[in-house]
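# Need a 3D model of the following:
(2 chains, ligands or ions: 1)
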Amino acid sequence: MANGERELPRPTPETQHFWDGTRKGELRFQCCEDCKNTYFPPRHFCPSCGSKNVNVVKASGKATLHSYIISHLPAPGFQTPYAIAIAKLEEGPTMMCNILGCEQTPEALIIDMPLSVTFERINDEITLPQFKPMGTN
Amino acid sequence: MERNAIAIVGASETTELGKVPTMSQVQLHADAALNAIEDAGLKLSDIDGVATGGHNAVEIAHYLGIVPNWLDGTSVGGCSFMLLVRHACAAIDGGLCNTVLITHGESGRSGLGRHGSSIFPSLFQQQFERPYGVTRPPTMFTIPVLRYMKDYGLSEETLAMVSVVQREWAGKNPKASFKDPITVDEVLNSKMICYPFRLLMCCLVTDGGGALILTKADLARDLRQKPVYIRGTGESAETPMISQMADFTSSAAFRVSGKNAFESAGISHSDVDHLMIYDAFAHLPIYGLEDLGFVGRGEAGPFIAEGCTRPGAKLPLNTNGGGLSYMHSGMYGMYALQEGVRQMRGTAPAQVNGAEISVVHGVGGMFSASGTIVMTNVA
Ligand SMILES: [Zn+2]
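Prediction:
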């Protein structure tokens, strides 16, 4: 049952590039020039080695369904039951997401199934990265 | 720090547990504190260190009329009390104070005098998890489990056995919220909360509290209760976001905290007579048994289902009935510590005969933090 608005991200200086990217249809990670670690969530340095020599990189958007639950508890802006999932990106990082364009059932949501990123526009400021089964629209 | 240098000399829960509409949260802290002071045979004026988690430590000290020499407000979720025991040992050993009171009170069910979350909000969680519909703990803590189930072939029936076995322990505890035996079918047919978790795989929500008093072991011998010595301790943290757990089948915080506790205590797994593993949800004892090293990876589900942790078996686990059946106000760690103390004093409702070493392992947040305490009644 929908009740109220879902909570939206409030970007910070360290994460602004990420949210600028999703608005343009890009999933952006950061890559360390020194140790080659690709990481998420964003910050101004590599959490693996501490280097500040990091670049923003565009992710492929290819992922697999790493784990999930199907929540039957009410949440603002969501119709129950809905899946809260973890996408594992081919670059390495994991991200929380919902699975769009797919029945929210254990039969339809198969662990390790391939996913691709999609973008859910919420308003002029915020577009959420989401995932859908690979090959669906 | 020397083993067994510090002892728990006072321990008590609140006068009432479960539904306590007559007390706000700060009074639950105070009720437990006064009970523990009485238990120890001490006076309020003997306390010179105050520690709590999930509540402003200044308010607790002021409410009790204590101007302390030492204060700790570490608040990392339900295992805060394991960390506070560890910190108190270091503070007493280092001469910062002499006698520490650690309190817990939580009006988890009635919500009286409760202000906000017991864990500080996380910057990243606000941006990268909350928008996807995570709300209360069942929507987060449960997320890694389908990964574990696929990697290790854990079935829903085996997961349900955790709840069944803990209810066997709860049946021996007159103070447990739920005491009637349950079956795997009843667990699997209880209300779906967050697939694959049903209601009976999730902890209770209650009101209550508990308090501990610690002092130097050489002073403990002259006090009212049989001292319970702190033999070893550990703590750690991994991530405030369940989505960023490095391995969904194992907690880094559990592994580090457990290893430090076992090594500082100088014990091996076969030395452990009694074990508490914080069970906010049915998978926690499975992760805990493996990450503490009692069994190999993927073996804990069958270990529990085969009865190795039930009453009378070789590794008595969660002997009060646990957060699943005994009591869970929100920050359960204090109740696990209380059961460890009862077992070491020989006063537990489901007493493990001859138990000399108890390991009490806690989780904070959603696999965010961890604390482990090794207690003994042998100096
Ligand atoms: Zn690096």
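# Tell me where the stretch 1-150 of chain B has strands.
B:6-13, B:49-52, B:70-72, B:100-107 (DSSP state E, counting those that start in this stretch).
# Mean neighbour count, those strands: which tops it?
When neighbours are counted by mean count of other CB atoms under 10 Å in any protein chain shown, the highest per-stretch mean among those falls to strand B:100-107, a mean of 30. Glycine gets a C-beta too; all of them are placed from N, C-alpha and C.
# Walk me through which strands it pairs with, and which way each runs.
strand B:49-52 (parallel), strand B:207-216 (antiparallel) (DSSP bridges).
# For A:Gly4, which of the strands of the stretch 1-150 of chain B is the nearest?
Proximity of these to A:Gly4 was assessed by CB to CB; the nearest stretch is strand B:100-107, lying at 24.9 Å.
# pull the CA atoms of the closest one into CSV?
Output in CSV follows, covering the C-alpha atoms of strand B:100-107 (Å, rounded to 0.1, in the frame of the first residue of the first chain):
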residue,chain,number,x,y,z
VAL,B,100,31.5,1.3,36.6
LEU,B,101,27.8,1.1,36.1
ILE,B,102,26.6,0.1,32.6
THR,B,103,22.9,0.6,32.0
HIS,B,104,20.4,-0.3,29.3
GLY,B,105,16.8,0.7,29.1
GLU,B,106,14.5,0.7,26.2
SER,B,107,10.8,1.4,25.8
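# B:Val162 against B:Ile304, yeah?
Yes: B:Val162 lies in contact with B:Ile304 (CB atoms under 8 Å); the separation is 5.5 Å.
# shared neighbours of those two, anything?
B:Pro285, B:Ile286 (CB atoms under 8 Å, 6 or more residues apart in numbering or on different chains).
# pLDDT wise, what is A:Asn3 at?
Confidence at A:Asn3, expressed as pLDDT, is 59.
# next one: B:Tyr229
Per-residue confidence for B:Tyr229 comes out at a pLDDT of 98.
# in the sheet, who's paired with it?
In this structure, B:Tyr229 has the following beta-bridge partners (DSSP bridges): B:Ala7, B:Thr376.
# the helices in chain A, which residues?
A:16-23 (DSSP state H).
# Could you list the residues of it in contact with the ion?
For chain A, the residues found near the ion under the criterion CB under 5 Å from the ion are A:Cys32, A:Asp34, A:Cys35, A:Asn37, A:Cys46, A:Ser48, A:Cys49, A:Ser51.
# Measure how buried the closest residue to the third one other than its chain neighbours is and give me the count.
Counting by CB to CB, 6 or more residues apart in numbering or on different chains, A:Cys35 lies nearest to A:Cys49, which is 4.4 Å off, once chain neighbours are set aside. Other residues near A:Cys49 come to 12 when the count uses other CB atoms under 10 Å in any protein chain shown.
# residues contacting A:Cys49?
A:Cys49 is in contact with A:Cys32, A:Asp34, A:Cys35, A:Asn37, counting by CB under 8 Å, 6+ apart.
# just B:Arg198 next, same as before
Per CB under 8 Å, 6+ apart, neighbours of B:Arg198: B:Ala160, B:Val187, B:Leu188, B:Asn189, B:Ser190, B:Lys191, B:Met192.
# beta partners of it?
B:Met192.
# can you tell me how far B:Lys43 sits from chain A?
When CB to the nearest CB, to the nearest Å is the yardstick, B:Lys43 and chain A sit 46 Å from each other.
# What of B:Ser163?
Remark: distance between B:Ser163 and chain A (CB to the nearest CB) = 17 Å.
# Residue of the stretch 101-250 of chain B closest to the ion, please.
Proximity of the stretch 101-250 of chain B to the ion (CB to the ion) peaks at B:Ala246, 15.8 Å away.
# How many neighbouring residues does residue 66 have?
All of this refers to chain A. For A:His66, the tally of surrounding residues (other CB under 10 Å) stands at 22.
# The chain in question should be chain B.
Neighbours of B:Ile66 under the rule other CB under 10 Å: 19.
# That one is in contact with B:Thr52, isn't it?
No: B:Ile66 is not in contact with B:Thr52 according to CB under 8 Å; the separation is 11.8 Å.
# And the nearest residue in space to A:Ile86 that is not next to it in sequence, what's its pLDDT?
In space, not counting the residues next to it along the chain, A:Ile86 is nearest to A:His66; the distance is 4.3 Å by CB to CB, 6+ apart. What the model reports as pLDDT for A:His66 is 98.
# before we move on, the earlier item: return the residues in contact with the closest residue to the residue of the stretch 101-250 of chain B closest to the ion other than its chain neighbours.
The shortest distance from B:Ala246 to any residue that is not its chain neighbour, by CB to CB, 6+ apart, is 5.9 Å, and that residue is B:Ala252. With contacts defined as CB under 8 Å, 6+ apart, B:Ala252 is in contact with B:Ser236, B:Glu238, B:Met245, B:Ala246.
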